[in-house]
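Fold the following for me, if possible:
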Amino acid sequence: MSSHVAEYRPKSMKEDCATGMSASQGCTDDKAVVESFKEALEQRVGADRYRMWFIHGVSFALESGVVVIRVRGEFALSRMKKNFLRELRSAAMTACNSSSDVRLDLVEERATQVSLLPEVDPCEDVVTNELANANHIALTAPGKKTRSNPTRGSGATSGPKTSGPKKVLDTLPGIVTQSPAAQRSASSSQMSLALSEGGSTPSTASKALHTLSEFITGRCNQLACAATTMVCQNPQSASPLFLFGSTGVGKTHLLHAVADQFRRYHRMRHVMVLTAEQFTNDFISSVGGGSGLPAFRRRYREVDALLIDDVHFLDSKRATLREMLFTVETLSAAGRPLVFTANQSPTEISGLTRELAGRMAAGLVCPIQPLDAETRKKYLQRLIAAACPIAWPDEVLDELNVMLGGDARMCSGIVNLVGMLQRMYSRMPTMNEIREFGGDVLRSQSPTVTLAAIERAVCETFGLQQQSLREGASTRSITEPRMLAMYLSRQLTSAAYNEISRHYNQKSHTSAILAGKKVEQWIQTGKPLGRGPTAMSARQALDRIESILRAS
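Numbers count the residues shown, from 1 in each chain. Below is the predicted model of the structure:
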């Protein structure tokens with residue numbers, strides 16, 4: 001009965017699916033040809049590439065001597081035509097023993113719903129690329145909804161959810177969608193690096209996706225915010241974009257915000273966000289017996305945009321630096337946007353090669369200063385509204401704002417502490433109670449300041465040469481910063497007026513006393529100090545100098 005039915009079955013239904021569907025009885029000849037074709041194809045492209053591109057979401061059939069490859073997803077179809085058409089035709093000729101050809105068809109099919117984490121929209125793209133040694137990299141596709149994380153970046157807070165255009169979950173070749181049960185049964189050696197979230201695992205794939213609207217701007221990050229906005233509007237306008245600054249100033253927040261804009265508004269399907277450590281680990285894994293260097297290079301050089309955090313991790317890693325250099329050159333030549341972050345500018349990172357540092361600095365290099373008092377206060381107010389059940393009195397907010405430094409993570413830690421104390425006492429805790437439980441954190445934000453450190457910070461703020469404050473110059477560009485330095489020396493150190501005057505080569509201790517009175521008048525009247533691009537009010541100059549001292 002079964003053979004009789006197979007006799008009248010149309011040839012177009014004789015199909016062998018790579019996803020596990022078997023041919024009907026009576027189609028053994030066509031199935032043998034398809035199996036021969038698959039074996040020949042695997043030999044030509046290699047086992048790793050075959051497993052990545054031709055196992056999941058791809059089906060094979062033989063129609064009138066033509067091998068038909070049906071692919072789900074336009075992206076996979078275009079990549080297959082671009083990269084594998086020659087191998088497909090060669091395998092077809094081998095399997096059919098004639099001048100056969102291949103045809104690639106797009107299958108418009110709605111994929112079966114995959115069980116996702118609670119905070120992820122059911123229609124979002126959550127895909128996992130296969131890595132070397134059965135490693136997987138979780139890539140977050142455009143339109144992901146997540147909550148903001150208050151501990152990442154200077155503007156990271158719990159903000160409203162954002163959503164982009166929803167998409168059907170496409171099963172692409174080489175992309176594995178696993179159910180929770182399958183993930184639990186996976187080997188412990190199969191690690192997942194959530195590159196789009198800076199190194200989280202699939203269990204934390206719903207971490208915050210930072211956006212530009214959540215970032216708090218101020219004088220400390222004005223240039224970086226303007227550059228980020230420009231790159232988001234035109235990704236090729238300043239590539240590579242290099243953001244650098246000390247910890248907790250918002251570099252990672254801006255990096256993920258740029259990735260979000262690329263995916264959401266520029267419709268980039270393959271935006272890779274990762275840390276330099278993850279890039280290094282993937283490179284070592286590929287070289288040490290994984291998928292190999294060709295697969296590694298395709299993984300990073302066929303992206304729409306590459307964003308790498310903490311570039312300073314590459315310090316003196318010669319093989320990784322060479323691979324990073326070639327990757328940057330390839331993507332730059334193709335016009336793909338590049339964004340990097342580090343704790344220093346590329347030319348100041350001692351371990352980077354001169355060639356790589358030069359290419360990273362070829363676009364736009366933007367410093368991000370530690371949070372100044374005004375920006376820090378705005379950030380604290382947003383954190384308080386999100387984490388504390390009781391509003392803070394203004395005097396407590398102002399006092400803690402002065403005590404805290406320019407690290408946004410420390411600000412978040414203090415706000416969380418006060419919120420916990422509010423719940424414990426059912427009231428707003430006093431400053432003594434806050435100091436009792438959070439004194440270690442507050443003291444760590446108030447480092448020991450020396451006269452030499454104040455001098456360096458003042459010179460950096462006003463763009464002066466070192467030792468210039470000790471010279472006898474009487475020009476306004478020198479005398480005003482010198483008075484400011486003597487005022488801060490009295491306020492932030494235990495040095496006496498005589499010691500301060502001697503340090504700055506002044507004749508008498510009265511110079512330090514008069515400097516203090518002058519600066520107090522400047523603060524009250526808002527007198528501008530400096531000239532040209534370094535001009536600022538006395539209050540702004542003090543805030544900037546104090547931020548530099550805390551970050552040093």
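
Please identify the buried residues of stretch 381-395?
By 16 or more other Cβ atoms under 10 Å, the buried positions in stretch 381-395 come out as Q381, R382, L383, I384, A387, C388, I390, W392. For the C-beta atoms, the positions are set from N, CA and C on the backbone; glycine is no exception.

Nearest residue to the first one in space, please, no chain neighbours.
Looking back up the chat, that one is Q381. In space, and not counting its chain neighbours, Q381 is closest to L397: 7.4 Å by Cβ to Cβ, 6 or more residues apart in numbering.

How about the contacts made by that neighbour?
K377, L380, Q381, I384 (Cβ atoms under 8 Å, 6 or more residues apart in numbering).

what do you get for S350?
D315.

can we see that at 10 Å?
For S350, the contacting residues are H312, D315, S316, Q344, A357, by Cβ atoms under 10 Å, 6 or more residues apart in numbering.

and R435, how many neighbours?
15 (other Cβ atoms under 10 Å).

do the same with S537
16.

Show the average pLDDT along whichever helix in the chain runs longest.
Using DSSP state H to define each element, the chain has its longest helix at helix 74-96. The average pLDDT for helix 74-96 rounds to 80.

Repeat that for stretch 267-275.
Here the average pLDDT along stretch 267-275 is 93.

just how off-centre is it within its chain?
10 Å (Cα atoms, centre = their mean, to the nearest Å).

isn't A453 right next to I548, touching?
Yes. The criterion here is Cβ atoms under 10 Å, and A453 meets it with I548 at 8.9 Å.

if we can go back for a sec, using CSV, lay out the buried residues of stretch 381-395 together with distance to V441 and pLDDT.
Below are these laid out as CSV (distance: Cβ to Cβ, whole Å; pLDDT from 0 to 100):
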residue, distance to V441, pLDDT
Q381, 19, 93
R382, 19, 92
L383, 14, 93
I384, 16, 94
A387, 15, 90
C388, 16, 93
I390, 20, 93
W392, 17, 93
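
out of those, who's nearest Q422?
I390 (4.8 Å; Cβ to Cβ).

residues contacting that closest one?
By Cβ under 10 Å, 6+ apart, the residues touching I390 are I384, V418, G419, L421, Q422, R423, Y425, S426, R427, M428, P429.

run the last query once more with 7 Å
Listed by Cβ atoms under 7 Å, 6 or more residues apart in numbering, the contact set of I390 reads Q422, M428.

Distance of F215 relative to G406?
Going from F215 to G406 by Cβ to Cβ, to the nearest Å gives 15 Å.

Of these two, which one has the most company?
G406 (29 against 21).

Which of the contacts of S350 has the largest number of neighbours?
A357 (21 neighbours).

Surely that one is in contact with S345?
No. Because the distance of 8.7 Å does not satisfy Cβ atoms under 7 Å, A357 is recorded as not touching S345.

Next, please give the residue ranges for the strands of the stretch 301-450 of the chain.
305-309, 338-342, 364-367 (DSSP state E, counting those that start in this stretch).

Which of these sits closest to T252?
Nearest of the strands of the stretch 301-450 of the chain (Cβ to Cβ): strand 305-309, 5.6 Å.

sorry, back to before: of all the contacts of L397, which comes closest to I513?
Distance to I513, by Cβ to Cβ, is smallest for K377 among the contacts of L397, at 31.4 Å.

OK, contacts around that closest one?
K377 neighbours (Cβ under 7 Å, 6+ apart): N401.

That one and V303, how far apart?
Distance from K377 to V303, by Cβ to Cβ: 39 Å.

One more: E35?
Distance from E35 to V303, by Cβ to Cβ: 34 Å.

the more surrounded of the two?
Taking neighbours as other Cβ under 10 Å, E35 and V303 compare with V303 leading, 21 against 14.

ok, now which ones touch that one?
Going by Cβ under 7 Å, 6+ apart, the list of residues near V303 reads H270, M272, R336.

Now it. Its backbone dihedrals?
For V303, the backbone dihedrals (degrees, to the nearest 10) come out as phi -90, psi 160.

mind checking pLDDT for it?
At V303, the model reports a pLDDT of 94.

ranges for the strands of the stretch 1-150 of the chain?
15-17, 58-63, 66-72, 102-107, 126-130, 136-140.

so which helix or strand takes in the closest residue in space to T375 that isn't next to it in sequence?
Spatial nearest neighbour of T375, excluding adjacent residues (Cβ to Cβ, 6+ apart): G218 at 3.1 Å. According to DSSP states H and E, G218 maps onto no helix or strand at all.

Look up how far E355 lies from G218.
Taking Cβ to Cβ, one finds G218 at 35 Å from E355.
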